[in-house]
Structure formats: C-alpha cells, structure tokens
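In: only the shape, not the letters, is given here:
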C-alpha cells in the first residue's frame with residue numbers, strides 16, 4: 001500500500017507525541033522549534049519521494065524550509081521509522097547492508113582494469129567478463145565515470161580519427177546496448193547505499209552527454225541520495241560533498257540551491273557529533289544553500305563557539321573565506337569576537353601568508369574590534385621590518401584606511417617599513433601603503449627621509465601608476481600638509497590628461513573630481529603654486545549631501561538660534577563661491593554677523609572673518625576612536641580657517657544623543673560657540 005502525502009501528514013499529526021521520539025526531530029524541535037508541517041506538491045510521479053515543508057522558529061525569526069517525505073510502501077516499516085511500538089509482525093529488511101567505504105583488493109584490480117581501457121567498447125567487453133556479484137557499487141560507479149570520460153574524449157576528438165571508437169559498433173551513443181549497461185550500473189549504485197559510489201555516479205551523470213535518458217539518470221541518482229540522507233547512511237562529510245556536487249548539478253544555480261536546501265535535515269541530524277573538521281566542511285556549503293542557510297549558520301555559530309579552542313589556522317582561514325563569499329549574510333558579532341579571541345591566543349602559530357588571508361578577509365567583511373587591533377599591533381612590534389610578505393603590510397595599510405584605525409604603533413611601523421623596503425615594493429603595493437598617513441592625518445616617523453624616498457619613487461615610476469591612483473596619492477599628501485609641487489607639471493600635461501580620459505567613464509569622473517580638489521587645495525595652501533590650472537565650472541551640476549547631516553542641522557537650527565539670538569543670522573547648506581562644487585566646500589551651517597549679511601557671498605577671495613562656519617561631522621569623519629578627524633576633514637577645517645572663517649565642529653553622534661534633552665543640547669552648542677568666538681578674539 002502507498003500512503004499519499006495527506007495521509008502521511010495526518011499520521012504525523014495523530015502520532016505527534018511519538019514523533020518527538022525520533023532523534024533528529026527532537027533535536028529539530030529543541031534547536032529550531034518545529035511548529036507545523038503542511039503538504040506541498042512535488043516529486044516525480046511514481047517516485048519514492050515527495051516534498052513537504054516545515055516552519056522553524058529561531059528566536060523571533062520563522063522560516064519555511066523544504067523537507068523530503070518518503071512514500072511508505074509497508075505500514076510496519078512506517079511504524080519502525082517513526083520509533084513507534086509495532087505489533088508482533090516484524091518489519092521487513094528493505095535495504096542492503098551498507099558496504100564498507102574501503103575498496104578491497106579485488107575491487108582495486110577491477111578498477112585498474114577499467115583505467116587501462118582506451119575506449120568505451122573495451123569497458124563493455126570487460127563488464128561482460130565480470131560476474132555481476134563482483135560489480136560492487138564502487139566498481140559500477142568507476143565504470144560509469146570512466147565510460148563518460150572516454151565518450152567525452154571521443155566526442156571532443158577529431159571525428160575523422162577512426163582509431164578512437166570505430167563507427168557502427170553497438171557501443172555507439174544512444175544505442176540500446178549502451179543504455180542497458182548504464183541502467184544496470186545505476187541499479188547497482190543505487191542498491192548499494194554507498195555514499196562514495198552515489199556521489200561519483202552523480203558527478204558522472206552531469207557529464208554524460210551521450211544518453212537520451214540523462215535527465216532520468218540524474219533524477220534516479222538524486223532520489224537515491226535524498227533517500228540515503230534521510231535514512232542516515234550519509235555522514236556529515238558525505239553530505240557536504242553532496243552539496244558541492246549538487247551546486248553544479250543543474251545549469252540554473254537557483255535550482256541547485258533549491259535541491260541543496262533539501263539536505264539541511266541531514267546536516268542537523270548529524271550535528272550532535274560535529275567536530276571542528278565537520279564545522280569547517282559545513283561552512284564551505286553555505287554559499288550553495290538558499291532558504292536553509294540562516295538556520296545552518298546559527299547551528300555553526302553555536303558549535304564553533306563551543307569548540308573554538310580546537311580550531312587550526314587553516315580552519316579559521318577557510319571559515320573567513322566562506323564568510324567573505326556570502327554577500328548578504330552577516331555572522332553574529334559574538335562569533336566574530338570568538339575568531340579574534342582565537343587569533344590573539346594562536347598568533348604565534350600563524351605564518352605571514354595565513355595572516356595576509358585573515359587581514360584580507362576582515363577588510364572585505366569590514367569588521368574590527370579592539371582584540372584584532374591589538375593583534376595587529378603585536379605583529380608590528382614583534383616582526384615589523386622582518387616581515388617578508390610585502391602584501392601583508394600593504395593589506396594592513398588598506399585595512400587601517402577602510403576601518404579608520406589610527407594606531408600609532410601600526411602607522412609608525414608602516415612608515416618605517418616603507419623606508420627600509422621601498423626598493424622591493426611594486427607600484428600597486430606603494431599605492432596601497434602610502435595614502436594611509438594622509439587619510440588618517442598621521443605624520444610618519446622619520447618624516448624627512450620618508451617623504452624624500454616616496455617622492456623619488458613616484459618620480460621614477462610615475463607612468464606606471466594609473467591616473468586615478470596617482471591623483472589620489474597626491475591629494476592624500478595635501479591632507480597632511482605635504483604639497484607635491486614638483487608633480488604639477490606632470491599632472492597638468494596633455495599626455496597625462498589623455499591617459500586620464502582613456503579610463504572607464506566612472507573612473508574618469510572620480511579622477512576629474514579629485515584633480516579639481518588637488519588644484520584647489522594647492523591654490524589655497526601652497527604659496528609657490530602657480531595655478532589654478534583647471535577652468536571654472538560653467539555648467540549646472542548638483543551635489544550629493546549626506547541626509548543624516550541635513551537632518552541633524554534641522555534639529556540644531558532652533559537651539560542655535562537661541563544661542564546667537566536671531567534665527568535670521570543662520571543659513572544652512574551654503575555653497576562657497578569661486579570653489580569647485582565638492583562636498584568638502586559645502587558648509588553645513590553659517591552664522592552671519594547680522595541678518596543683512598546673509599545676502600553676501602562667502603567663499604574664496606571674500607571677507608569671511610565675521611562668519612562662523614558650522615560643520616556637522618558624522619562618525620565617518622572621525623577615526624575609530626572618535627577623537628581625531630580623518631585627513632580630508634582636517635584639511636577642510638584647515639582650508640576654511642585659511643579663508644578667514646571661524647570654524648565650529650559638531651559631533652553628530654553626540655548631538656543626536658542630546659536631542660532628547662533640549663537644555664543640555666543648547667548648553668553644549670553655546671559652549672562650542674563661545675569657544676570658537678574666544679579663540680578668534682585671541683588671534
């Protein structure tokens with residue numbers, strides 16, 4: 001008798017209490033909270049499997065995940081599978097015993113015979129001589145694999161070559177003789193319940209381009225795989241291998257993920273004996289999962305934090321590699337802290353190449369904490385100039401720029417490393433290492449020697465840098481008040497401009513904006529500069545503003561009006577005249593000396609001494625500690641001061657915390673305003 005889907009689900013409902021006795025389902029209810037099961041249509045007609053779904057709750061998140069439901073042909077087998085007490089009739093044995101994974105000598109001899117075959121007909125002749133009892137699942141899987149390899153080689157070779165496979169033979173593609181042999185091999189593979197054989201058969205079926213029944217063969221092996229996973233024949237490592245095989249099983253990656261999602265139950269079922277090797281293997285499957293990925297990630301987080309001390313360096317590198325490949329999923333911060341804690345304990349065991357991979361992964365994950373920063377500082381202190389892997393130091397430099405880590409220990413080490421190793425550094429490496437000082441407004445140690453060597457390096461290899469790299473480098477020097485006047489003639493040069501405009505359109509736009517910033521910065525701060533060399537903008541162009549800054553400015557207009565005494569003296573979002581339309585030259589708020597002065601223009605070559613420029617700085621304008629402005633914002637304050645403005649800097653995060661306390665907010669703004677007025681009076 002065959003029970004349909006509805007009957008199975010109803011039976012599950014009737015025996016709900018007893019269903020909890022199944023080990024996998026009981027763990028499922030503890031870990032994820034199985035709320036209900038509902039039947040869905042699916043499965044091949046006449047097959048052994050159909051599809052259902054379960055709702056899993058983890059915290060406040062509820063997911064619907066696919067599950068494979070096996071159709072039952074024997075009610076006593078159904079009782080046995082559910083762990084219920086069955087009547088006196090014993091369930092029949094429906095599966096063969098699981099064959100050992102180790103290949104015996106006889107199997108090795110047969111497999112070596114297949115390896116000596118040079119075409120498909122020789123494989124068929126060899127199979128005819130072997131007794132059926134000796135064709136075990138590993139032998140059948142290898143025979144199928146070798147057959148597909150030889151046939152693909154035959155198809156890809158010269159069709160005029162008669163020595164490969166003679167035409168007209170019964171082993172030619174699409175023949176009945178061939179189909180009968182392959183059907184026999186697949187039956188042996190499926191009946192054996194051998195994970196290695198099934199996976200090898202799946203891999204071969206994907207490359208079998210000579211069978212009219214290719215889709216049926218794939219479905220048959222896939223069905224057997226799902227049955228074996230449900231019956232517990234696949235270990236956790238075998239399930240992970242199956243996920244990787246199925247990730248390329250179909251041309252459509254979405255369809256591959258849907259199939260892989262049906263294996264989550266097997267992973268959960270085997271998770272009770274999960275070790276670190278298993279954890280890493282399951283991590284490698286995450287990019288190939290869809291709906292079940294979040295649930296598997298939570299399982300891995302818990303298991304990893306239980307066994308974090310047992311991980312090896314290669315395990316951590318592989319986990320970070322996988323996390324880097326996940327675009328929209330983020331791990332729990334506690335899990336990332338576990339990794340940095342592991343690094344701090346095992347730092348002495350990590351070589352330079354492994355540390356490079358770890359820092360690179362943290363860079364793209366955009367994660368940092370105090371423990372990891374201290375680990376980097378320890379590396380700089382202990383090894384420093386002895387580091388042979390230049391890319392490690394350059395990646396640390398890029399990491400500090402992206403994460404705004406203004407650590408004196410790290411930055412001083414990077415500066416000294418450049419002085420000692422500049423001859424061995426490539427152009428991309430210098431392009432990654434040199435900007436960090438300007439970006440973070442930090443003067444390198446032994447500054448005269450550093451800048452002398454860097455200027456010489458850039459001069460010699462100027463043409464090897466891309467235009468956008470060179471311009472960004474020179475602008476970063478201006479951030480730190482180092483003015484590369486000797487490179488002016490090389491930049492404002494027709495040949496350089498031709499190279500600049502030969503870049504992709506997006507890069508050209510960035511390069512032109514940075515070039516205007518360079519031209520303006522040199523004009524405002526460098527006395528010997530003969531520019532500006534770029535023409536003024538005459539066409540209408542808009543500028544993008546930070547919406548967070550705009551909201552904060554609106555919040556402080558009224559409290560600021562109470563401080564200055566007249567709201568008509570305040571204007572917001574002022575674009576400075578005679579300067580390029582750049583975010584650095586947009587003043588968030590200006591306090592004029594009188595209401596009538598609001599009609600006057602402010603900018604370059606105007607009288608700005610009576611006005612106060614109020615700048616609202618979001619967290620990105622500061623280093624990670626929130627104490628120092630980054631290089632671009634430090635230059636912004638410096639240039640506004642050079643133009644005569646009295647600059648008042650406001651920390652956006654601090655102001656937003658005081659919005660709920662109007663009196664404290666007004667007092668804070670009044671203190672900042674008085675400080676600015678007092679400093680200008682002293683000058």
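Out: Nice, I can see it. On a predicted model such as this, the values are computed, not experimentally measured, just so you know.

In: which residues of the stretch 151-300 of the chain score low on pLDDT?
Out: 154-175 (pLDDT under 70).

In: one more pass at 80, please.
Out: 153-177, 210-212 (pLDDT under 80).

In: residue 537: neighbouring residues, count only.
Out: By other Cβ atoms under 10 Å, the residues close to residue 537 number 11. All C-beta spots, glycine's among them, are computed from the backbone N, C-alpha and C.

In: ditto for residue 605
Out: Other residues close to residue 605 by other Cβ under 10 Å number 8.

In: and the strands in the chain?
Out: With DSSP state E as the definition, the chain shows strands at residue ranges 34-39, 49-58, 61-70, 570-575, 586-591, 612-617, 646-651.

In: select from those strands the stretch with the lowest mean pLDDT.
Out: Among these, strand 34-39 carries the lowest mean pLDDT, at a mean of 39.

In: OK, contacts around residue 364?
Out: For residue 364, the contact set (Cβ atoms under 8 Å, 6 or more residues apart in numbering) comprises residue 324.

In: now the most centrally placed residue in the chain: how far from residue 483?
Out: In the chain, the residue lying closest to the centroid (Cα atoms, centre = their mean) is residue 324, at 2.7 Å. Residue 324 is 39 Å from residue 483, where distance means Cβ to Cβ, to the nearest Å.

In: again, but for residue 617
Out: 25 Å.

In: so for those two, which residue has more residues nearby?
Out: Shown here are residue 617 and residue 483; by other Cβ under 10 Å, residue 617 has more neighbours (23 against 19).

In: quick check: bridge partners of the more buried one?
Out: residue 651 (DSSP bridges).

In: mind listing what it touches?
Out: Here residue 617 is in contact with 629, 633, 649-652 (Cβ under 8 Å, 6+ apart).

In: tell me which of those is nearest to residue 252?
Out: Nearest to residue 252 among the contacts of residue 617: residue 652, at 46.2 Å, using Cβ to Cβ.

In: correct me, but the closest one touches residue 549?
Out: Yes: with contacts counted by Cβ atoms under 8 Å, residue 652 reaches residue 549, the gap being 6.8 Å.

In: any residues in contact with both of these two?
Out: Common contacts of residue 652 and residue 549, defined by Cβ under 8 Å, 6+ apart, comprise 616, 618.

In: and stretch 546-559, which residues are buried?
Out: 546, 549, 552-553, 555-556, 559 (16 or more other Cβ atoms under 10 Å).

In: same question for stretch 218-225.
Out: Here stretch 218-225 shows 218, 220-225 as buried, counting by 16+ other Cβ under 10 Å.

In: so how far is that stretch from its chain's centroid?
Out: Relative to its parent chain, stretch 218-225 has a centroid offset of 32 Å by Cα atoms, centre = their mean, to the nearest Å.

In: just checking, the residue nearest to the centre of the chain touches residue 361?
Out: Yes: under the criterion of Cβ under 8 Å, residue 324 makes contact with residue 361 at 5.0 Å.

In: low-confidence stretches in the stretch 501-650 of the chain?
Out: In the predicted model of the stretch 501-650 of the chain, residues 537-542 satisfy pLDDT under 80.

In: residue ranges of the helices in it, please?
Out: Applying DSSP state H, counting those that start in this stretch to the stretch 501-650 of the chain gives helices spanning 505-525, 547-564, 631-642.

In: just those helices: most buried one?
Out: helix 631-642 (a mean of 19; mean count of other Cβ atoms under 10 Å).

In: for residue 524, see how far away residue 492 is.
Out: For residue 492, the distance to residue 524 - Cβ to Cβ - is 17 Å.

In: inside helices: which ones of the buried residues of stretch 218-225?
Out: Secondary structure from DSSP state H places 218, 220-225 of those in helices.

In: domain ranges for the protein, per the record?
Out: With domains defined by automatic domain parsing, the chain comprises 5-82, 105-159+167-234, 547-682.

In: what would these look like in TSV with distance to residue 294?
Out: Putting the domains of the chain into TSV (distance: least, Cβ to Cβ, whole Å) gives the following:
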stretch	distance to residue 294
domain 5-82	7
domain 105-159+167-234	20
domain 547-682	29
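
In: to residue 342, which of those lies closest?
Out: The nearest among the domains of the chain, by Cβ to Cβ, is domain 547-682 at 21.8 Å.

In: before we move on, back to that, for residue 496, state which of the buried residues of stretch 218-225 is nearest.
Out: So of the buried residues of stretch 218-225, ranked by how close each gets to residue 496 (Cβ to Cβ), first place is residue 218, at 57.5 Å.

In: wait, that closest one touches residue 202, no?
Out: Yes: using Cβ under 8 Å, residue 218 is in contact with residue 202, at 7.5 Å.

In: thinking again about what came up before, out of the helices of the stretch 501-650 of the chain, which is closest to residue 356?
Out: Closest approach to residue 356 among those (Cβ to Cβ): helix 631-642, 25.7 Å.

In: which other helices and strands does that closest one contact?
Out: Judged by 3 or more Cβ pairs under 8 Å, 6 or more residues apart in numbering; DSSP states H and E, helix 631-642 is in contact with helix 436-439, helix 467-479, helix 505-525, strand 612-617, strand 646-651.

In: please repeat the previous calculation with a cut-off of 6 Å.
Out: helix 467-479, strand 646-651 (3 or more Cβ pairs under 6 Å, 6 or more residues apart in numbering; DSSP states H and E).

In: any idea which of the ones you listed is most buried?
Out: Counting by mean count of other Cβ under 10 Å, helix 467-479 has the highest mean neighbour count of the helices and strands packed on helix 631-642, with a mean of 22.

In: quick revisit: possible to save the helices and strands packed on helix 631-642 as CSV with distance to residue 569?
Out: As requested, the helices and strands packed on helix 631-642 are exported to CSV (distance: least, Cβ to Cβ, whole Å):
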stretch, distance to residue 569
helix 467-479, 32
strand 646-651, 14
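
In: indicate which one of the ones you listed is closest to residue 115.
Out: Comparing these by Cβ to Cβ, helix 467-479 comes nearest, at 52.6 Å.

In: what does that closest one rub up against?
Out: Helix 467-479 is contacted from outside by 431, 434-435, 438-439, 484, 499-500, 507, 511, 514-515, 517-518, 521, 631-632, 635, using Cβ atoms under 6 Å, 6 or more residues apart in numbering.

In: that helix to helix 505-525, inter-axis angle?
Out: 30 degrees (axes from the mean of the first three to the mean of the last three Cα atoms, to 10 degrees).

In: quick check: nearest residue in space to residue 555, chain neighbours excluded?
Out: Leaving aside its chain neighbours, residue 555 sits nearest to residue 659 (5.6 Å; criterion: Cβ to Cβ, 6 or more residues apart in numbering).

In: residue 548 now?
Out: In space, residue 548 is closest to residue 618, 5.6 Å off (Cβ to Cβ, 6+ apart).

In: how near is that neighbour to residue 329?
Out: For residue 618 relative to residue 329 (Cβ to Cβ), the value is 26 Å.
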